[in-house]
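Colleague: Model the following, please.
(one chain, ligands or ions: 1)
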Amino acid sequence: MSSPKLFMHVQDPLLASNLLSLNGVRQYELNISHQDENWLDQLSVAQCDVALIEVNSLHDVALKELISSPVLYKTEFLFFSKGEPDPILDHLMHKGAGFHYRAPYNLKLIESSLKEVFSELSRSHENANTQTSYLDQFGLLVGSSTAMHSLYRTIRKVAATKANAFIMGESGTGKELIANTLHVFSQRAEGPFVAINCGALSPELIDSELFGHVKGAFTGAHKDHQGVFEQAEGGTLFLDEVTEMPYEQQVKLLRVLESGEYKPVGAQQVKMANVRIIAATNRTLSDAIRDEVFREDLYFRLAQFPIMVPKLKDREGDACGLAQHFLSYRNAKDGQHKQFSAQSLEKINHYTWPGNVRELKHAIERAYILADHIIHPEHLITNDLSEQTEIDKTAGIPTGMRLDDIEKIAILKTLKNNDGNKTDTAHQLGISIKTLYNKLDKYEHTDFL
Ligand SMILES: Nc1ncnc2c1ncn2[C@@H]1O[C@H](COP(=O)(O)OP(=O)(O)OP(=O)(O)O)[C@@H](O)[C@H]1O
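Modeller: Numbering: from 1, shown residues only. As a prediction, this is how the structure comes out:
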């Protein structure tokens, strides 16, 4: 088991020796900087959990670079300064970089901060290879891997600010849960969390869905309707699949973000929005911007904090842990005691889960339905095409299975075969996209947790 790593860039010999004498420092695996090289470059390579940085020059290039570096969100920083006002350092503190100690330094306080951070990090390092059903939970997110703990730290820092955030990650990695967790840890937690899927909005109703409408604004507008900006007033508005919003609508969104003003359809008066926006996409943004699917200016407005979500296959140990987590909740709901065989856990551990946590969750749901007591590998229907024939033979529908369970299996399997593409899935199943979204929503909110 590797222990947490600490990077130290301190020029003042007295401060350096004081810090090195602390137990709080010595418990880490130490990386001392080479003074004549850029410390941020060194820290990026060393990938340390904690960094002690002495700031003693307004011309510290690395400090400026840190503002836009991903290292800012992966590392816990303790800055030391003589106390001269430093706008860059202030900017970093507003971004939730960590602690700033001003001379004369209180070594006891520094020691206790380092110990606290160490015990939090050790827990994540210890659990990195867990195969048990117990996983750490942060907000709504479950996972004990180092990648998830690094994400938790990022969320904690971003939540402390007022900035908009842009969550990027593959489908099924948990972007909506992350947005919700950000909300829960923010100062707006008492306000509403409103999520809207921009891919599921019909082009005719999009203005009304976003900004609302007044009675009589158009045929069928029988009464006033609140748009999501108003519903989320004082809270957080989550724009899922924001890159799927029609290009011309994106300008309207940009305008609201710039001025805070919006006008319900048919209204005379503008309203002021008081919402924090969190957006998400599973597209590769550079491609979406290049192909003119998504406006670059909107991206910059939304992405004051970009958050990258790790794929499930990059969260060591979490696939098995999450599988057990989902199964235990399902067992508890039905008063059952179904279990995984050792071979099933092995299969879960080795499969790459291209559909990420959603695919895993659905696979466990299907396995739970198909297995009597022990979940064997053949009950775990994955997207792995090399196993498809075998799966199809073994996944016959047992007599007496509930119709809504059969429907669920048909929907989830078709979705998987279409790599998560909901338009193609709805088309093949002969249902509307809206019905598909409603059903998926129902499964996600009723099966587990
Ligand atoms: N870390 C996690 N812990 C527990 N459940 C999770 C986690 N991540 C994802 N899930 C579950 O997996 C499913 C998919 O999550 P979510 O909808 O947040 O993913 P997404 O990245 O927003 O997907 P999409 O891009 O397709 O909208 C949900 O049922 C969610 O509850």
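Colleague: Determine the number of other residues adjacent to the one residue in the chain that gets nearest to the ligand.
Modeller: Nearest residue of the chain to the ligand, counting by CB to the nearest ligand atom: residue 174, 2.6 Å away. All C-beta spots, glycine's among them, are computed from the backbone N, C-alpha and C. Counted by other CB atoms under 10 Å, the residues lying close to residue 174 total 23.
Colleague: Go ahead and list the helix or strand containing the nearest residue to it once chain neighbours are set aside.
Modeller: Distance criterion CB to CB, 6 or more residues apart in numbering; nearest residue to residue 174, sequence neighbours excluded, is residue 357 at 5.5 Å. Element membership for residue 357, per DSSP states H and E: helix 356-370.
Colleague: same for that helix, what does it pack against?
Modeller: helix 318-334, helix 403-417 (3 or more CB pairs under 8 Å, 6 or more residues apart in numbering; DSSP states H and E).
Colleague: so of these, which one's packed in deepest?
Modeller: helix 318-334 (a mean of 20; mean count of other CB atoms under 10 Å).
Colleague: Now the element after it, going C-ward?
Modeller: strand 339-340.
Colleague: Contacts made by that next one with the rest, please.
Modeller: With contact meaning CB atoms under 8 Å, 6 or more residues apart in numbering, strand 339-340 is reached by 323-324, 327, 348, 373-375.
Colleague: thinking the residue of the chain closest to the ligand is in contact with residue 307, fair?
Modeller: No: at 11.1 Å, residue 174 does not count as touching residue 307 under the criterion of CB atoms under 8 Å.
Colleague: Which residues of this structure lie near the ligand?
Modeller: Selection of the chain residues close to the ligand by CB under 6 Å from any ligand atom yields 141-143, 169, 171-177, 240, 282, 357-358, 361, 444.
Colleague: run the last query once more with 5 Å
Modeller: 141-143, 171-177, 282, 357-358, 361, 444 (CB under 5 Å from any ligand atom).
Colleague: From the residues you listed, keep the buried residues only.
Modeller: For the residues of the chain next to the ligand, a burial check counting by 16 or more other CB atoms under 10 Å picks out 141-143, 171-177, 282, 357-358, 361.
Colleague: Now do stretch 46-53, average pLDDT.
Modeller: Stretch 46-53 shows a mean pLDDT of 92.
Colleague: how long is it from one end to the other?
Modeller: Start-to-end span of stretch 46-53 (CA to CA, to the nearest Å) is 14 Å.
Colleague: circling back to that earlier point, now the two most distant members of the contacts of strand 339-340.
Modeller: Farthest apart among the contacts of strand 339-340 by CB to CB are 348 and 373. That separation is 17.8 Å.
Colleague: Averaged pLDDT, the host helix or strand of residue 425. What do you get?
Modeller: Counting by DSSP H and E, the element that carries residue 425 is helix 422-429. Averaged over helix 422-429, pLDDT sits at 81.
Colleague: same deal with stretch 18-28?
Modeller: Here the average pLDDT along stretch 18-28 is 92.
Colleague: Ok, stretch 321-340 next?
Modeller: Here the average pLDDT along stretch 321-340 is 88.
Colleague: then it to CSV, C-alphas only?
Modeller: Extracted in CSV, the C-alpha atoms of stretch 321-340 (Å, rounded to 0.1, in the frame of the first residue of the first chain):
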residue,chain,number,x,y,z
GLY,A,321,-17.6,-2.5,-4.2
LEU,A,322,-20.4,-0.8,-6.1
ALA,A,323,-21.9,-4.1,-7.3
GLN,A,324,-22.1,-5.2,-3.7
HIS,A,325,-23.4,-1.9,-2.6
PHE,A,326,-26.3,-2.0,-5.2
LEU,A,327,-27.0,-5.6,-4.4
SER,A,328,-27.2,-5.0,-0.7
TYR,A,329,-29.7,-2.1,-1.2
ARG,A,330,-31.8,-4.3,-3.5
ASN,A,331,-31.7,-7.2,-1.0
ALA,A,332,-32.8,-4.8,1.7
LYS,A,333,-35.7,-3.5,-0.3
ASP,A,334,-37.1,-7.0,-1.0
GLY,A,335,-36.0,-8.7,2.2
GLN,A,336,-33.8,-11.0,0.2
HIS,A,337,-30.3,-12.4,0.7
LYS,A,338,-29.0,-12.9,-2.8
GLN,A,339,-25.2,-13.1,-3.2
PHE,A,340,-22.5,-13.0,-5.8
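Colleague: who are the neighbours of the helix holding residue 425, in terms of helices and strands?
Modeller: By 3+ CB pairs under 8 Å, 6+ apart, helix 422-429 packs against helix 403-417, helix 433-446.
Colleague: mind checking how far the residue of the chain closest to the ligand is from residue 200?
Modeller: As judged by CB to CB, to the nearest Å, residue 174 and residue 200 stand 19 Å apart.
Colleague: Would you mind identifying the next helix or strand past the host helix or strand of residue 155?
Modeller: Element membership for residue 155, per DSSP H and E: helix 146-159. Where DSSP H and E defines the elements, the next helix or strand beyond helix 146-159 is strand 165-168.
Colleague: partners of that next one in the sheet?
Modeller: strand 276-281 (parallel), strand 305-308 (parallel) (DSSP bridges).
Colleague: Touching the longest one from outside, list them.
Modeller: Contacting residues not belonging to strand 276-281 are listed as 162, 164-169, 175-176, 179, 182-183, 186, 188, 235-243, 257, 288, 294, 302-303 [CB under 8 Å, 6+ apart].
Colleague: The top helix by length along the chain versus helix 146-159: what angle between them?
Modeller: Taking DSSP state H as the criterion, the chain has its longest helix at helix 107-126. In terms of direction (axes from the mean of the first three to the mean of the last three CA atoms, to 10 degrees), helix 107-126 departs from helix 146-159 by 140 degrees.
Colleague: from here on, count from 41
Modeller: Sure thing, new numbering starts at 41, so read that last one as helix 147-166.
Colleague: Just name whatever secondary elements helix 147-166 is in contact with.
Modeller: Packed next to helix 147-166, using 3+ CB pairs under 8 Å, 6+ apart, are helix 63-66, strand 90-95, strand 116-121, strand 138-142, helix 186-199.
Colleague: Could you give the separation of the helix or strand following the second one from the chain centroid?
Modeller: Remark: after strand 90-95, the chain's next helix or strand is helix 101-106, criterion DSSP H and E. Distance of helix 101-106 from the chain centroid (CA atoms, centre = their mean, to the nearest Å) equals 26 Å.
Colleague: now swap in stretch 309-319 and tell me
Modeller: 22 Å.
Colleague: next one: stretch 86-101
Modeller: The answer for stretch 86-101 is 27 Å, by CA atoms, centre = their mean.
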